[in-house]
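[1] I'd like to go over a predicted model; first the sequence, then the structure.
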Amino acid sequence: MASTPNGQLGRDILRFGTAIAITVALGAVQVFVVPRRLDVETFGEYRIFLVYFPYFGLLHFGLADGAFLRWAGRTPGEIHREWRRAFGWMLGLEGALLVIAVIAVTNMGAALAATFIVAFVLCAMAANLSALAGYALQAGGDFTRAGIVAVAAPLSFVAVVLLFPMHTSTAVIGAYVGSLGFSALLGSVMVVVLPSNKHDTEYEKRSPFAPLALIRDGAHVLGANLAAGLAQSIDKVVVSFVVSKGDMALYGFASSVAVAGISATQTMQRVALSHAARRSGDDRARFIGRFYDLTLVAFGVALIFVPLFEVVVARTLPDYVTALPIVRAFVIGAPFWIALHVVVVGTLQSHGLVRKQFAIELGGALVVLLASVACLALHTELWVIAAAGTVAAAATWGAGVTVVNRALPAAREQGAMSFFAACIWQSAAIGVAMAVSPRWDLQ
């Protein structure tokens, strides 16, 4: 018996969601293991690397995003036929950037800066090749293998960190580069073994595969992704320029909790877009609106573990206890970032309104930037900067809902106001619980 759309959606969310849940768990291991291997200042250097690496990951110039837009909803056979050329183009682009980076650092005196530059480009090459493979599998509906690709990098990184002693930022960054390379290799093999379907006569009638066209089409999404990355990390960039490495270690440690939110976003966003591509008209907006409920469930589960997380930090990483107020501020802002990128941005992208998507993301980045600069100018505590980012996230989400509702009347049925009320209620609940009792189990 053929599976129903709802049944398939549930299975895809379960498969890919399980993989991302494992990724989050591995991220938690990193939170408690890496700081114990490095002193606070060295850990600050590593966190600075992680702040800037994602921007270099955008140096695929839109090729990966354009490929996903083209492949979404198509058969594995079609994707298999086109992936090889996309892979070759991606490898050529990233290889040229690597050569330029090596030449640039040849006579560079600062060893740490030279290490960072080469590592940035190597990470970008591996991450983008891995993303291309993951997008191909997701677009083809193979969320089991896509989940394996998503888990491969953090699993291999945690394994290396646990098995080998590392006390320098260079060693940890090297392990990080290697883990991404392993993920890229594994993902590429998984796409290669997809059924080729060489005798698909319908394929020949479709528009020809053109890598430059992918870059052109994906550039709009790339710009929106860049703005989205800025919105979620511009506060960390500003903080890294102003505060000491020790304070950056605290802020970076606290921002590690954002990995869970980013992972949840990736899970729901890719599943939502892949399934929305198979729907038409207003049904797309209504379908993506259902992810508000999933976001609330994920947020509720995360809140349950906040008290436990704090007591574990107090017992195992006492040097980072002062970062816990920053953690709370980041946690409360997580559902708004998820809803913004999954529901608001997903609705616009699925209807081809990429320019509106870019405007919303860029506006959010500017709001977070202004809020962070204002807090630093007033010499506020670090947790206040994180809280300002949470307020900016909620404001950006609210503005995005307004834009979506005006552009797509069907989006008014998504339940945005109910989502907002539930977020406020859940945040207030954890605040009351922590104020009433000092014991984590009672909280």
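    Perfect, I can see it now.

[2] doesn't residue 356 make contact with residue 403?
    Yes. The criterion here is C-beta atoms under 8 Å, and residue 403 meets it with residue 356 at 5.7 Å. No exception for glycine: its C-beta is placed from N, CA and C like everyone else's.

[3] Compare the two and say which one has the larger neighbour count.
    Per other C-beta atoms under 10 Å, whichever of residue 403 and residue 356 has more neighbours is residue 356, with 22 against 19.

[4] Kindly list the main-chain dihedrals of that one?
    Backbone torsions of residue 356, given as degrees, to the nearest 10, read phi -60, psi -40.

[5] before we move on, the earlier item: list the residues that contact both of residue 403 and residue 356?
    Listed contacts common to residue 403 and residue 356 are residue 348; contacts here mean C-beta atoms under 8 Å, 6 or more residues apart in numbering.

[6] what about the stretch 251-400 of the chain, any weak spots by pLDDT?
    Scanning the stretch 251-400 of the chain for pLDDT under 70 picks out the ranges 258-264, 266-267, 270, 274, 277-278.

[7] May I see the buried residues of whichever strand or helix holds residue 115?
    Here residue 115 sits within helix 111-139, counting by DSSP states H and E. Within helix 111-139, the residues that count as buried by 16 or more other C-beta atoms under 10 Å are 114-139.

[8] State the mean pLDDT of it.
    The pLDDT scores in helix 111-139 average 84.

[9] Please name every helix or strand in contact with it.
    Helix 111-139 is packed against helix 40-56, helix 63-71, helix 76-105, helix 143-163, helix 169-192, helix 258-276, with contacts defined by 3 or more C-beta pairs under 8 Å, 6 or more residues apart in numbering; DSSP states H and E.

[10] Off-centre distance for it?
    14 Å (C-alpha atoms, centre = their mean, to the nearest Å).

[11] angle of that helix against helix 143-163?
    If you take axes from the mean of the first three to the mean of the last three C-alpha atoms, to 10 degrees, helix 111-139 sits at 150 degrees to helix 143-163.

[12] picking up where we left off before, want to throw the helices and strands packed on helix 111-139 into TSV with distance to residue 333 and mean neighbour count?
    Shown next, in TSV, are the helices and strands packed on helix 111-139 (distance: least, C-beta to C-beta, whole Å; neighbours: other C-beta atoms under 10 Å):
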stretch	distance to residue 333	mean neighbour count
helix 40-56	17	20
helix 63-71	25	25
helix 76-105	33	17
helix 143-163	23	21
helix 169-192	26	20
helix 258-276	8	23
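
[13] and of those helices, who's closest to residue 313?
    Nearest to residue 313 among the helices and strands packed on helix 111-139 is helix 40-56 (14.0 Å), distances taken as C-beta to C-beta.

[14] Can you show me the helices along the stretch 201-350 of the chain?
    For the stretch 201-350 of the chain, the helices defined by DSSP state H, counting those that start in this stretch cover 211-242, 245-255, 258-276, 282-289, 291-316, 324-339, 345-350.

[15] Show me how far the longest one is from its chain's centre.
    Offset of helix 211-242 from its chain centre (C-alpha atoms, centre = their mean): 11 Å.

[16] do the fifth one as well
    On the basis of C-alpha atoms, centre = their mean, helix 291-316 sits 18 Å off its chain's mean C-alpha point.

[17] Same list, the helices and strands packed on helix 111-139, but as TSV with distance to residue 344 please.
    Output for the helices and strands packed on helix 111-139, formatted as TSV (distance: least, C-beta to C-beta, whole Å):
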stretch	distance to residue 344
helix 40-56	21
helix 63-71	18
helix 76-105	28
helix 143-163	23
helix 169-192	29
helix 258-276	11
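
[18] Residue 158 and residue 32 touch, don't they?
    No. The pair residue 158 / residue 32 is not scored as a contact, 10.7 Å apart, by C-beta under 8 Å.

[19] which residues does the closest residue to residue 162 other than its chain neighbours contact?
    Using C-beta to C-beta, 6 or more residues apart in numbering and skipping the chain neighbours, the partner closest in space to residue 162 is residue 33 (6.6 Å). With contact set as C-beta under 8 Å, 6+ apart, residue 33 has these partners: 158, 161, 162.
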